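In: below are the sequence and a predicted model; questions follow.
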Amino acid sequence: MRALAVVIGMLVASYGVTSGSAHAASSLYEAENATVFHGTVDRDHLGYTGTGFVNTANEAGAYVEFSVSAPAAGGFALALRHANGTGEGRAGTVSVNGAVISAPAFAATADWNTWAVTRIPVTLRAGTNAIRVTGATAGGLPNLDSLTVSDPRSTDWADALVDSTMERYTPATVGGWSYPVALYLMGQYQVARHTADPARRAALIAYIKAWADRFVDASGHIGITFNSLDSMMPGQVMIALYRETGEAKYGLAAKQIHDRLLPGAGYPTTSDGGFWHANSADRANQLWSDGTFMADPFMAQYGRYIGDSAQSYDIAAKQLVVYAGHLQQANGLLKHAYDASKAATWSDPTSGLSSEYWCRAVGWYGVAATEILDLIPADHPLRAQLTATVRDLVRGIAAYQDPASGRWFQVVDKGSSAGNWTETSCSAMFTLTADAAIKRGYVPAAAYQATVDAGKRGALDRISLHSDGLTYLTSISVGTNVGDYAYYTARSRATNDFHGLGAFLYFFEQVNG
């Protein structure tokens, strides 16, 4: 029922119109019961809640006004459920007690049977409040189904983030074949899998599919050389679509990447079998903690959902073991990178290791390891070793959590050093890793549940809803190479960067699921 609370079919008959405390979970107001100026109550499209929806006249100034009761003043979140099959946005305004507080664009939906949600933060006074939604163009408003008023603390942030991102970008503009975009799309896939409503799930999958079809031809070929681990991570999207659609082309596309990593296929490795981060002179002989997420979950997913399971599981597990053997230190954390040749400018001449624990690189490993342990057989010969690696990693994660914010620092073990700052994507990943370890029994809840609880609060503190009805996720490190302390702490702190959006979706769907 979680996703129904904010999207298609949300809060159907069980909630009705409520007027509990100012911070009741949610109150639903059907548009057909509101005051309508220049519009009709219609029932000629599918998927509406209640007894109908409002179709306003095609004119500026047509409106729907809801009378909303709040027994105490405070902040609330509005969720306007609407459909717009015109192919163009239908701008409007939202006013509270006569004051315009937002001008949502009401972007087009796939058709008139597809419903979307626009969310807007508001402050309501105690007692009755008039919330008016008014058309701002000659097209009038989109079809309006309902208004849900809720405590912002009960917002389903995964749904809100996905809706906001799909409003900001179409599948054609969201970005090219790259791991940050694919990470976000796989986060959206987690939301789709946990969505109870079939229409909502179908819409989320259709968006992902439209992106993938930009790169995969009818025969399942992708025109990319796959000479870096980063370029292989979007293969997870191919596996997800193969699972969802059964279309052979997605399985063949995944096979193209899978076969690139098979023994004898030519992808370079260190002497002990670790995949180079990229097949290029500036990445030769290098293992980056990031790379474990880029290739290893893909291989384990391939084994589970497509085929070649024994070999695929073995490759995924071995890579985690090889990487941890070089990168994991006594404190449980992993250094960002290792150069077997010790030729890189950042590598220690004795150990070959880079100098710092960059937080997102550590997070990548944790997410990869916990997922792969879910995918490989219970009797896999490397399971015990991988479980011990995760146990040590969680110990390190807990030891370096910032007690003030619940988050983790860009350079994990130097929180008190000048210029360091708490970063959002790794904080989501660390929380997810510790939570997974508790739920799977790798570590005791008594020792680490407080770490998860504080991490959850810290990550959620970084997301908010703005007056444009869209979510904003802040303090995300942009893409990063291997460097020293000054390099990491000087990295830009972005808002709505795909590294953070994807990591947040993974975190929210697991920790809150």
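Out: Good, I have the coordinates. Please read these numbers as outputs of a predicted model, since none were measured by experiment.
In: what stretches of this structure score poorly on pLDDT?
Out: By pLDDT under 70, the weakly predicted segments of the chain are 1-25, 513.
In: and with 80 instead?
Out: By pLDDT under 80, the low-scoring segments of the chain are 1-26, 71, 152-154, 513.
In: quick one: strands adjacent to the helix or strand harbouring residue 27?
Out: In the assignment (DSSP states H and E), residue 27 maps to strand 26-30. Note on strand 26-30: by DSSP bridges, its sheet partners are strand 143-150 (antiparallel).
In: extract the C-alpha trace of the partner strand and format it as CSV.
Out: The C-alpha coordinates for strand 143-150 follow below in CSV (Å, rounded to 0.1, in the frame of the first residue of the first chain):
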residue,chain,number,x,y,z
ASN,A,143,-7.9,16.8,-15.7
LEU,A,144,-7.8,17.0,-11.9
ASP,A,145,-8.6,13.9,-9.9
SER,A,146,-7.8,14.7,-6.3
LEU,A,147,-5.8,16.6,-3.7
THR,A,148,-4.0,14.8,-0.9
VAL,A,149,-2.8,16.9,2.1
SER,A,150,-0.2,15.2,4.3
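In: need the residues that contact it.
Out: 5-6, 10-11, 24-31, 34, 42, 45, 48-50, 53-56, 64, 66, 68, 70, 76-84, 112, 115, 124, 131, 133 (Cβ atoms under 8 Å, 6 or more residues apart in numbering). In short, each C-beta sits where N, CA and C put it, glycine included.
In: from these, which land in strands?
Out: Those of those mapping onto strands are 26-30, 42, 53-56, 64, 66, 68, 70, 76-83, 124, 131, 133, per DSSP state E.
In: quick one: name whatever helix or strand follows the strand holding residue 27.
Out: Following strand 26-30 in sequence, per DSSP H and E, is strand 35-37.
In: which other residues reach that next one?
Out: Residues from elsewhere that reach strand 35-37, judged by Cβ under 8 Å, 6+ apart: 54, 56, 61, 62, 63, 64, 65, 66, 67.
In: try it again at 6 Å.
Out: With Cβ atoms under 6 Å, 6 or more residues apart in numbering as the test, strand 35-37 has contacts from 54, 63, 64, 65.
In: need these in TSV (columns: distance to residue 499).
Out: Below are the contacts of strand 35-37 laid out as TSV (distance: Cβ to Cβ, whole Å):
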residue	distance to residue 499
54	40
63	41
64	39
65	42
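In: return the closest of the residues you listed with respect to residue 378.
Out: residue 54 (54.2 Å; Cβ to Cβ).
In: of the ones in strands among the contacts of strand 143-150, grab the buried ones for PyMOL.
Out: Selection command for PyMOL covering only the buried members of the ones in strands among the contacts of strand 143-150, criterion 16 or more other Cβ atoms under 10 Å:
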select buried, resi 26+27+28+29+30+53+54+55+56+64+66+68+70+76+77+78+79+80+81+82+83+124+131+133
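In: so for stretch 113-127, what gets flagged as buried?
Out: Neighbour-count burial for stretch 113-127 [16+ other Cβ under 10 Å]: 114, 115, 116, 117, 118, 119, 120, 121, 122, 124.
In: over to stretch 330-343?
Out: Quick answer for stretch 330-343 (16+ other Cβ under 10 Å): 332, 333, 334, 335, 336, 337, 338, 339, 340.
In: measure that stretch end to end?
Out: 24 Å (Cα to Cα, to the nearest Å).
In: ok, now stretch 429-449?
Out: With Cα to Cα as the measure, stretch 429-449 spans 15 Å from end to end.
In: list the buried residues in that stretch.
Out: Residues of stretch 429-449 classed as buried by neighbour count (16+ other Cβ under 10 Å): 429-438, 442-443, 448.
In: picking that back up, ok now the strand holding residue 27, how far from the chain's centre?
Out: Put simply, strand 26-30 sits 27 Å off its chain's centre (Cα atoms, centre = their mean, to the nearest Å).
In: element containing residue 162, please.
Out: helix 157-168.
In: got a list of contacts for that helix?
Out: Helix 157-168 is contacted from outside by 6-7, 107, 117, 119, 188, 191, 207, 463, 470-471, 505, 508-509, using Cβ under 6 Å, 6+ apart.
In: test my guess that residue 100 contacts residue 93.
Out: Yes - the criterion here is Cβ atoms under 6 Å, and residue 100 meets it with residue 93 at 4.9 Å.
In: before we move on, the earlier item: looking at the contacts of strand 35-37, which is nearest residue 196?
Out: For the contacts of strand 35-37, the residue nearest residue 196 by Cβ to Cβ is residue 54; the value is 25.4 Å.
In: for residue 115, see how far away the closest one is.
Out: Shown here: residue 54 relative to residue 115, a distance of 13 Å by Cβ to Cβ, to the nearest Å.
In: what of residue 499?
Out: 30 Å.
In: please apply the same query to residue 483.
Out: In terms of Cβ to Cβ, residue 483 sits 46 Å off from residue 115.
In: coming back round to it: sitting in strands, which of the contacts of helix 157-168 do you find?
Out: Among the contacts of helix 157-168, the ones falling in strands (DSSP E) are 117, 119, 463, 471.
In: let me have those residues in a markdown table, extended by distance to residue 293.
Out: A markdown table is the format used below for the ones in strands among the contacts of helix 157-168 (distance: Cβ to Cβ, whole Å):
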| residue | distance to residue 293 |
| --- | --- |
| 117 | 31 |
| 119 | 30 |
| 463 | 22 |
| 471 | 24 |
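In: and those residues, which two are furthest apart?
Out: 117 and 463 (16.1 Å).
In: and of the contacts of helix 157-168, the nearest to residue 344?
Out: Using Cβ to Cβ, the contacts of helix 157-168 come closest to residue 344 at residue 505, 33.0 Å.
In: mind putting the buried residues of stretch 330-343 into TSV with distance to residue 392?
Out: Converted to TSV, the buried residues of stretch 330-343 look like this (distance: Cβ to Cβ, whole Å):
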residue	distance to residue 392
332	4
333	9
334	10
335	14
336	17
337	19
338	17
339	23
340	22
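In: what's the closest of the residues you listed to residue 360?
Out: Checking the buried residues of stretch 330-343 one by one against residue 360 (Cβ to Cβ), the nearest turns out to be residue 336, at 9.2 Å.
In: quick one: that closest one from residue 424, how far?
Out: For residue 336, the distance to residue 424 equals 18 Å [Cβ to Cβ].
In: can you check residue 152 too?
Out: Residue 152 is 18 Å from residue 424, where distance means Cβ to Cβ.
In: which of the two has more neighbours?
Out: Between residue 152 and residue 424, residue 424 has the larger neighbour count (other Cβ atoms under 10 Å), namely 31 against 16.
In: shouldn't the more buried one be in contact with residue 476?
Out: Yes - with contacts counted by Cβ under 6 Å, residue 424 reaches residue 476, the gap being 5.0 Å.
In: which neighbours do those two share?
Out: Shared contacts of residue 424 and residue 476, defined by Cβ under 6 Å, 6+ apart, comprise residue 500.
In: and for residue 35, the neighbour number?
Out: For residue 35, using other Cβ under 10 Å, the count is 11.
In: name whatever forms a beta bridge with it.
Out: Per DSSP bridges, the residues bridged to residue 35 are residue 65.
In: before we move on, the earlier item: from the buried residues of stretch 113-127, which single one is nearest residue 409?
Out: Using Cβ to Cβ, the buried residues of stretch 113-127 come closest to residue 409 at residue 121, 29.3 Å.
In: how close does that closest one sit to residue 500?
Out: 20 Å.
In: and for residue 274?
Out: According to Cβ to Cβ, residue 274 and residue 500 sit 28 Å apart.
In: these two: who's more crowded?
Out: A count of neighbours by other Cβ under 10 Å puts residue 500 above the other of residue 274 and residue 500, at 32 against 25.
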